[in-house]
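# Sequence and predicted structure, then a few things I'm wondering about:
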Amino acid sequence: MKIILLQTGKTNEKYISEGVDEYCSRIRKYNPFEIITLPDIKNTKSMPIPEQKAREGKRILESVGADDFIILLDERGREFTTAGFAEQLGKIFLHSKKRIVFVIGGPYGFSDEVLLKADMKLSLSRFTFSHQMVRLLFTEQLYRVFTVIKGDPYHHE
């Protein structure tokens, strides 16, 4: 099953891009993986937050299919240990879905429509991170989870 990271806006920090690229290449040794970047919403300075979320949500929903397992990276989502998430990901792989799509939304969170479409919400931490940093943290954790699943010596309990 292919894994997608769907994110809004490009990565501006070189050190984050380099780290994400490194973990992407490591992940691909275990499983097909792709990052899809949606363009930022333009002219948002005077746009109300609900409208920004709705526009962004529309783009997100246009990028996912009915046969995708959608996991939102959301601060109010479920938290796991690395081993616990490896177990959960193994269960998700048993679904008859085409892809697993992890979604990083914009700075104001997800629209109600996106929240309703999601199969799961996942929190990386109770801390709040920039959306740029979440990309790096998530790809490292996904790589770590695959090493746990495969029994490779990266993760230490």
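Looks like it arrived, so ask away.

# Helix, strand or coil: sort out Q52 for me.
Under DSSP: H, G, I helix; E, B strand; the rest coil, Q52 falls in the helix class.

# Do I have it right that it meets G106?
Yes. Contact criterion CB atoms under 8 Å: Q52 and G106 qualify, at 6.8 Å. Bear in mind the C-beta positions are built from the backbone N, C-alpha and C, glycine included.

# For Q88, pull up the helix or strand it's in.
helix 82-93 (DSSP states H and E).

# still on that earlier bit, when Q52 and G106 are compared, which one has more neighbours?
With neighbours defined as other CB atoms under 10 Å, Q52 and G106 compare such that G106 has more, 23 against 17.

# Farthest from the middle of this protein: give me that residue.
Distance from the C-alpha centroid of the chain peaks at S46, with 28.0 Å (CA atoms, centre = their mean).

# Check the spacing between K14 and I60 real quick.
From K14 across to I60, the span is 26 Å (CB to CB, to the nearest Å).

# So if I had to pick from the two, which one is more boxed in?
I60 (26 against 8).

# residue contacts, the more buried one?
Applying CB atoms under 8 Å, 6 or more residues apart in numbering, we find I60 in contact with 6, 8, 38, 103, 105, 110-111, 114.

# Equivalent analysis for L124, please.
73, 134, 137-138, 141.

# mind running it again at 6 Å?
Contact analysis of L124 by CB atoms under 6 Å, 6 or more residues apart in numbering lists L137.
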